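In: This is a predicted model, with the sequence first.
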Amino acid sequence: MNDKQKRPVRVLVAKVGLDGHDRGAKVIATSLRDAGMEVIYTGLRQTPEMVVNAALQEDVDAIGISILSGAHMTVFPRIMSLMKEKGLTDILVTGGGIIPAEDMAVLNEMGVGKLFAPGANTGDVSDYIYKWVEENRR
């Protein structure tokens, strides 16, 4: 087992755009930390560029975007595009918030991982991230 496999799972939790409601993001960040992950919470009003740069600097395994503003069809594709530009193909992009099921399906087709609706079980979120990292970490 190499050092990368031994280190804890690292997750960046971010709020993108003008959405000022971060209670859900803080709940998820705390639950992931309680599940044994290292969590970096970027705070409010991040741009996609800020999120991707922080993910690169922090060497994260996953990015979790919390979005309630309705901008998910702009934010997620921009993050995916920036990650591709920077060669970050081994980082899970997941998230949650107010995202209609049909938009979730479109985002999943673009390469975004599972998206969680409000009220999702936090254990399901951490289980999903752990499983993804186990299967995809290089």
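Out: Structure received. Residues are numbered from 1 along each chain as shown.
In: Pairing-wise in the sheet, spell out the partners of Thr94.
Out: Gly64 (DSSP bridges).
In: Can you name the residues that contact it?
Out: Residues near Thr94 by C-beta atoms under 8 Å, 6 or more residues apart in numbering: 62-65, 112-116, 125, 128-129, 132. Bear in mind the C-beta positions are built from the backbone N, C-alpha and C, glycine included.
In: closest to Lys15 among those residues?
Out: Distance to Lys15, by C-beta to C-beta, is smallest for Ile65 among the contacts of Thr94, at 7.8 Å.
In: my guess is the closest one meets Gly17, correct?
Out: No - shown here, Ile65 and Gly17 do not form a contact pair, counting by C-beta atoms under 8 Å, at 9.8 Å.
In: Just the buried ones from the contacts of Thr94?
Out: 62-65, 112-116, 125, 128-129, 132 (16 or more other C-beta atoms under 10 Å).
In: and these, which of them are in strands?
Out: 62-65, 115-116 (DSSP state E).
In: Can you pull the phi and psi angles for Glu85?
Out: Backbone geometry at Glu85, expressed as degrees, to the nearest 10, gives phi -60, psi -40.
In: what about the strands in the chain?
Out: According to DSSP E, the strands that the chain contains are 10-15, 38-41, 62-67, 92-97, 115-116.
In: would you turn those into TSV with distance to Val106 and mean pLDDT?
Out: As requested, these are exported to TSV (distance: least, C-beta to C-beta, whole Å; pLDDT from 0 to 100):
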stretch	distance to Val106	mean pLDDT
strand 10-15	21	97
strand 38-41	27	98
strand 62-67	14	96
strand 92-97	14	96
strand 115-116	11	98
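In: Could you report the distance from the residue nearest the centre of the chain to Leu82?
Out: Here the mean C-alpha position of the chain is nearest to the C-alpha of Gly64 (C-alpha atoms, centre = their mean), at a distance of 1.6 Å. Gly64 is 16 Å from Leu82, where distance means C-beta to C-beta, to the nearest Å.
In: where are the low-confidence patches of this structure?
Out: 1-5 (pLDDT under 70).
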